[in-house]
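Undergrad: can you look at this prediction? I've put the sequence above it.
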Amino acid sequence: MEIKTISEPNSLQEAIVYFSNPDNCLKYLVARRWPKGVVCPTCGSNKVSFNASRRIWQCGSHHAKRQFSVKVGTIFEDSPISLDKWLTAMWMVANCKNGISSWEIHRSLGITQKSAWFMLHRLRLALQGKSTVKRGGNGKEVEVDETFIGGASRNMHADKRARRIAAHGPKDKTVVLGMLERGKKIRTVVVPDTKQRTLQGLVREHIEPGTDLMSDASPSYVGLQKDYEHQIIDHPVAYVHGNVHTNGLENYWSLLKRGIKGTYVSVEPFHLFRYLDKQSFRYENRATKDNPMNDADRFDLAVSQVIGKRLSYAEVTGKVGQTNN
């Protein structure tokens with residue numbers, strides 16, 4: 001009987017079946033990491049030999065760390081968790097619109113919740129964009145808006161509310177500034193406050209002068225007309241006036257908060273930027289008429305971003321540099 005070769009997956013069910021074979025995991029990652037042939041991640045030499053029984057390579061040059069696997073130099077490095085679980089989790093993270101919690105990963109993949117939590121932070125790092133190019137430019141339209149992330153006081157126990165809520169309004173929440181170039185990319189930054197100096201400094205850092213800038217009527221944006229074609233929409237009066245609105249960012253905030261409240265329930269401010277990275281990846285790579293991506297395309301893009309990124313448990317728990325006594 002002829003054995004049919006399984007093609008690369010296009011759905012979660014197909015991904016689970018495909019990546020259950022360790023050779024398929026290896027083939028998929030090698031094709032994207034080394035499309036021109038395997039090279040040593042330490043010295044860059046292409047004179048390498050493959051040990052099929054251990055699924056590792058050995059560099060022909062004599063130096064430290066001659067032996068390496070496909071995990072070396074990626075977010076998977078030093079992880080005892082097998083690639084079939086890593087890649088299935090990555091498919092879910094890249095494609096679940098409302099996110100996926102560590103408890104779901106724990107139950108679905110049969111790993112501990114602690115491992116699933118660490119795994120998800122490493123996967124979010126892979127989804128992090130690297131571009132530092134300024135957004136906008138002459139004739140380009142960019143929306144700017146800020147939002148507040150944090151629990152609603154009405155949902156807290158009276159003791160917890162008294163301990164955590166020091167004042168009315170957004171004082172005890174985390175502030176996030178968003179900058180969306182219409183039809184293209186979004187950039188988000190966790191900021192300490194909404195003062196004019198803080199927000200305008202970031203706008204000038206990330207957006208090209210001369211851009212058509214849209215914002216609400218917050219006094220924090222007053223003065224930007226010196227460098228930008230600044231147009232304001234006053235939300236108590238209207239949400240749209242012709243082409244002037246911030247509805248693109250309002251949509252992004254809605255999706256972000258739906259995931260945080262419905263899936264994660266609570267996010268520490270220390271980790272918030274990683275959740276923003278994941279949400280930005282999903283938002284920028286959603287299926288549109290101009291960009292008809294499917295789940296397989298989104299997963300393929302996510303896998304291509306795992307190289308050259310490492311995150312230790314000490315870093316993710318904020319214990320870098322600490323020693324055990």
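TA: Yep, it's here.

Undergrad: from Lys85, how far out is Leu26?
TA: Distance from Leu26 to Lys85, counting by Cβ to Cβ, to the nearest Å: 15 Å. Quick note: C-beta positions are derived from backbone N, CA and C, even for glycine.

Undergrad: what bridges to Gly178?
TA: With DSSP bridges as the criterion, Gly178 is bridged to Asp145, Thr188.

Undergrad: who's in contact with it?
TA: 143-147, 186-188, 249, 252-253 (Cβ atoms under 8 Å, 6 or more residues apart in numbering).

Undergrad: same check on Gly136?
TA: 142, 181, 207-208, 210-213.

Undergrad: how much space separates the residue nearest to it when sequence neighbours are not counted from Lys261?
TA: Spatially, and ignoring its direct neighbours in sequence, Gly136 is nearest to Thr211 (3.2 Å; Cβ to Cβ, 6 or more residues apart in numbering). If you measure Thr211 against Lys261 using Cβ to Cβ, the figure is 32 Å.

Undergrad: got it, and Val203?
TA: Val203 is 28 Å from Lys261, where distance means Cβ to Cβ.

Undergrad: again with Asn243
TA: Distance, Asn243 to Lys261, using Cβ to Cβ: 31 Å.

Undergrad: more crowded one of these two?
TA: Lys261 (16 against 10; other Cβ atoms under 10 Å).

Undergrad: next one: phi and psi at that one?
TA: For Lys261, the backbone dihedrals (degrees, to the nearest 10) come out as phi -70, psi -40.

Undergrad: so who does it touch?
TA: Residues near Lys261 by Cβ under 8 Å, 6+ apart: none.

Undergrad: ok, now Lys195?
TA: Ser220.

Undergrad: ok, it to Gly201 distance?
TA: For Lys195 relative to Gly201 (Cβ to Cβ), the value is 9 Å.

Undergrad: same check, this time on Lys97
TA: From Lys97 to Gly201 the distance is 33 Å (Cβ to Cβ).

Undergrad: what's the domain layout of this structure?
TA: Following automatic domain parsing, one gets these domains for the chain: 1-22+75-127+292-325, 34-72, 141-267.

Undergrad: which of these sits closest to Val133?
TA: Ranking the domains of the chain by their distance to Val133 (criterion: Cβ to Cβ) puts domain 141-267 first, at 8.9 Å.

Undergrad: so how far is that closest one from its chain's centroid?
TA: Put simply, domain 141-267 sits 18 Å off its chain's centre (Cα atoms, centre = their mean, to the nearest Å).

Undergrad: any idea of the mean pLDDT in it?
TA: Averaged across domain 141-267, the pLDDT comes to 86.

Undergrad: next, the distance between the ends of that domain.
TA: Chord length of domain 141-267, first to last residue, is 31 Å (Cα to Cα, to the nearest Å).

Undergrad: please report how far the nearest residue to Ser20 once chain neighbours are set aside lies from Val306.
TA: Once flanking residues are discounted, Ser20 sits nearest to Asp84: 5.5 Å by Cβ to Cβ, 6+ apart. Separation of Asp84 from Val306 (Cβ to Cβ) stands at 15 Å.
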